[in-house]
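>>> Take a look and give me a structure for this.
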Amino acid sequence: MPDFTFSTPALIQDFSDTPPLQQKLNQYWDLAIDAYTQAALVSNPWTVNYQAPCDWYVNPKNVDITAANPVEPIFWTAFPNRLKIYFSAAEKSPYQMSSAQVYALADFGNIPQSNAFPTGLPFIIPSKRCPNLNWQQPINEWVQYDPQGPRGWLDEYCEWAVTRNADGKITRISFTCENPEYWYSLWQVSPEKVLALYQQLVSPNVVLEDLMLPSTDGKGFVIDPTTGRAAYNPLNKWNSGTVATDTYGGAVHLTSPPNTIGAEIMLAAQATLLRQLPPDQYNMQRMVCSGAYGRPYRNSDPHIGLQVNQLVKNLGVKVTLTNPVGLYLQRPDFSSYKTPDGKDASQFYKVIRGRTAEQAGATYDQILHAEFSVPEELGYTVSDILIGNAVQGSSQVPVPILYAGQIADTFHVCLAGTAITPATGEPAQPFLPPVSDKTGDTNGQISMLLANPILLAMQAVNPYPPFVQLPVQVHQGQTLTGFALQVSYANDNFNDAQIAFWDEQGNSETGISATITAIDTTEGTPAGKSSGGDGQFNYILNITVAASVSPGLKGVSLRNPNCDMPVPLPGVLYVNAKGN
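Got it, this is the predicted structure:
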């Protein structure tokens, strides 16, 4: 079997002029996607039934994939469907928002005050959304709309920032679907390259300190113990919010908490599991609910889940995400755009990063970053262009482009899956019941391992940051201090938990030890699953790696009292050979 390497998204080569750095980035990226894939195969065996293992999702490092393997693109509309479902009058929401208000909500995270909404929008929605959204649920049981954050509501793997002139007209819209994990990897290799790209994408006024993660005491920046340099702040002032000016704002990469490539891979893997559903219930919404992946009523998760599941169910094939794994913008449908001077509006759409389908030799675009703007010399703005998706009433009459969401409604985001034929004689995948919570004592579910100062500083910047779990880099013979192992659904006796490390073959790594120095319960309920909650808290660890430990990816497990040995979460740690 030939060696397989996960390629960078859209085959982007940000160090094309510096081959040693590009090689380093390629290694980091391949390592990260391999780790996410291994974690997706394990899925969640800790706290729920019937969601693991995902044996019909394939790590392409373990099979021989050729050009003969069919590739299936999966498309969904870039505008957030949940905003329409929860707030639009057209969807019979009790909020009764007009189309214009929904578009304004997408662009600003709120709506202008009015008689109907004197204080803006109260972001609460029913907590009961499966199998169907229940608007009749008592309002005291409703919950905060999520995801939150500076662009949290833009949760279709497409985010944007809008520049407006003094008259409020749109002069430029930047769209991005670049995953945050890639930018974290870039920062690990060269913060200076990240700075140069920010200066290209948002403003020449960006300086390196703008991109560094401020310390919680306000006296400097947090140092990443694995690199010895300042940690990256993904919610810096140039990549935060939907408003862009000369002094702040922009859309470099995704920031909404669900919009990560790790989540994309996990969702695709969990969607390969077949469910015992009646034929009349085999639809996007029921699949999300029965499989407990993603969020109901998004465009993205339900479309991805159902189409992946149909490949497995109807064709009897296994699935993997197509290399280069990524989320990709598609070019808009410009047929309903009308410019003041009759020019083709498509000429104002520019691919900034990534490549078109023609350039990729594929059936789908692999666009990472795009911009829509009108040259100043033409004498009009984006807002002087008419577009056919109405913002008033239900008629489809052309109206001015007042919001970026109007354009997002005219294009898709895409990922692609590759079909893989099972081995001869391999048993068919069984149909499983819907996912259900495990009862009694359970092992906690580990979500990530991260330097605790970085974790605390991220939460200080914003309570809803896009937490990214890259494999923690450590060398043979090294000790890491002050790392947070984040755990949900912990047993009441969480002080007695046992932490262990494992290699990729499932063998215990006795040469790696963890000493618990503290247990931080300030960010969640200390008692978890066994008390009926879903508490999340952090074990603060010192991790020692013996010089004899073999290099490679390592998993970690946390065993609660009275529980069997749990399946490890793979790919959390990467041990480098000493001197590398």
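>>> So which residues of the stretch 301-450 of the chain form strands?
According to DSSP state E, counting those that start in this stretch, the stretch 301-450 of the chain carries its strands in the segments 318-321, 328-329, 349-355, 366-373, 386-387, 399-400, 412-420, 431-432, 436-437, 445-451.
>>> Out of the ones you listed, which gets nearest to residue 97?
Set against residue 97 and scored by CB to CB, the strands of the stretch 301-450 of the chain come closest in strand 399-400, at 16.5 Å. Placement of C-beta: from N, CA and C, glycine included.
>>> quick one: the closest one to chain centroid distance?
Relative to the chain's own centre, strand 399-400 is displaced by 32 Å; criterion: CA atoms, centre = their mean, to the nearest Å.
>>> From the contact counts, what lies against it?
Helices and strands touching strand 399-400, by 3 or more CB pairs under 8 Å, 6 or more residues apart in numbering; DSSP states H and E, are strand 386-387.
>>> Pull up the gap between residue 286 and residue 305, please.
The gap separating residue 286 from residue 305 is 10 Å, by CB to CB, to the nearest Å.
>>> More neighbours: which of the two?
The residue with more neighbours, out of residue 286 and residue 305, is residue 305; 26 against 21, by other CB atoms under 10 Å.
>>> Report the contact partners of the more buried one.
Residue 305 sits next to 267, 270-271, 284, 287-288, 291, 293-294 when contact means CB atoms under 8 Å, 6 or more residues apart in numbering.
>>> With residue 211 instead?
By CB under 8 Å, 6+ apart, the residues touching residue 211 are 187, 191, 194-195, 198, 232-233, 236, 238.
>>> are any of those residues buried, and which?
Buried by 16 or more other CB atoms under 10 Å: 187, 191, 194-195, 198, 232-233, 236, 238, out of the contacts of residue 211.
>>> Which of these sits closest to residue 367?
residue 198 (18.9 Å).
>>> Leaving aside the residues adjacent along the chain, what's closest to the closest one?
residue 206 (4.4 Å; CB to CB, 6 or more residues apart in numbering).
>>> Could you tell me the phi and psi values at that neighbour?
Per-residue torsions, residue 206: phi -70, psi 130 (degrees, to the nearest 10).
>>> what do you get for the one 5 residues further on?
Dihedral angles of residue 211 (phi, psi; degrees, to the nearest 10) stand at phi -100, psi 0.
>>> now it: how far from residue 184?
Distance from residue 211 to residue 184, counting by CB to CB: 12 Å.
>>> Residue 355 reaches residue 367, doesn't it?
Yes: Residue 355 lies in contact with residue 367 (CB atoms under 8 Å); the separation is 7.3 Å.
>>> out of these two, which sits in the busier spot?
residue 367 (29 against 18).
>>> List the contacts of that one.
Contacts of residue 367 (CB under 8 Å, 6+ apart): 10, 177, 328-331, 351, 353-356.
>>> Buried residues, stretch 85-94. List them.
Neighbour counts over stretch 85-94 (16+ other CB under 10 Å) mark 85-89, 91, 93 as buried.
>>> Need the residues that contact it.
The contact list for stretch 85-94 (CB under 8 Å, 6+ apart) reads 84, 95-99, 101-102, 105, 121, 125, 133, 135, 145, 297, 394.
>>> Counting only helices, which of those residues make the cut?
Taking DSSP state H as the definition of helices, those contribute 84, 99, 101-102, 105.
>>> Any chance of TSV for these, columns pLDDT, distance to residue 277 and neighbour count?
Listed next are the ones in helices among the contacts of stretch 85-94 as TSV, based on pLDDT from 0 to 100; distance: CB to CB, whole Å; neighbours: other CB atoms under 10 Å:
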residue	pLDDT	distance to residue 277	neighbour count
84	96	25	24
99	91	33	22
101	90	36	22
102	93	31	26
105	92	33	26
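>>> could those residues be laid out in JSON lines, adding distance to residue 501?
Below are the ones in helices among the contacts of stretch 85-94 laid out as JSON lines (distance: CB to CB, whole Å):
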{"residue": "84", "distance to residue 501": "46"}
{"residue": "99", "distance to residue 501": "53"}
{"residue": "101", "distance to residue 501": "51"}
{"residue": "102", "distance to residue 501": "48"}
{"residue": "105", "distance to residue 501": "45"}
